[in-house]
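# how would this look folded up:
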Amino acid sequence: DILVDGQQCDCDVVVTCQVGDPVPLEVKLTNWSKHSVGPFALTMMPYQDYQNGVHNYDLQDAITFVGSNTFYIDTVKPTKDSVYFGALLFLYTGDFYLNIKFHEDNCSRELPLSWLCLPSVHIRATEPV
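So this is what the prediction gives:
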């Protein structure tokens, strides 16, 4: 589950926020399997989509994280969840997207490390009223 500014997000929702106001982020990972999972690294990467196949990830002048954009998750037990909080601060107006990835970080496995990517979150930063 992903909440941006208290709003549940999915691929069809555009969340609107104001430039200069911190936007709270909440990402909840729920383990619905019968086995414990982890460890993971949760990474959030903002970008702009130029609608021509180009994604601009070089946004340090437009967006900043309040806190870290990477969180480490040790283990999530069956039927339990793990919730991570952060915030974004938009410095300019525009349409932005947030790429959220879980990277499996278990070196004891023989299989290659894997990524679980959630659908991108669409955030529109507007001028304050």
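
# show me what the helix or strand where residue 100 lies is packed up against.
If you go by DSSP states H and E, residue 100 is part of strand 94-104. Using 3 or more CB pairs under 8 Å, 6 or more residues apart in numbering; DSSP states H and E as the contact test, the elements touching strand 94-104 are strand 22-30, strand 40-49, strand 115-117, strand 121-126. Bear in mind the C-beta positions are built from the backbone N, C-alpha and C, glycine included.

# kindly state the beta-bridge partners for the nearest residue to residue 26 once chain neighbours are set aside.
Leaving aside its chain neighbours, residue 26 sits nearest to residue 3 (4.1 Å; criterion: CB to CB, 6 or more residues apart in numbering). With DSSP bridges as the criterion, residue 3 is bridged to residue 8, residue 26.

# how much space between residue 3 and residue 121?
Distance, residue 3 to residue 121, using CB to CB, to the nearest Å: 10 Å.

# which of these two has more neighbours?
It is residue 121, of residue 3 and residue 121, that has more neighbours when counted by other CB atoms under 10 Å, with 24 against 17.

# quick one: contacts for that one?
2, 4, 9, 15, 97, 98, 100 (CB atoms under 8 Å, 6 or more residues apart in numbering).

# could you rerun that using 6 Å?
2, 4, 9, 98 (CB atoms under 6 Å, 6 or more residues apart in numbering).

# where does the prediction get shaky in the protein?
11, 105-118 (pLDDT under 70).

# how does it look with 50?
110-112 (pLDDT under 50).

# coming back round to it: residue 77 is nearest to which of the helices and strands packed on strand 94-104?
strand 22-30 (10.9 Å; CB to CB).

# check which helices and strands that closest one sits against.
Judged by 3 or more CB pairs under 6 Å, 6 or more residues apart in numbering; DSSP states H and E, strand 22-30 is in contact with strand 2-4, strand 81-90.

# dump these to TSV, plus distance to residue 66.
Shown next, in TSV, are those (distance: least, CB to CB, whole Å):
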stretch	distance to residue 66
strand 2-4	13
strand 81-90	4
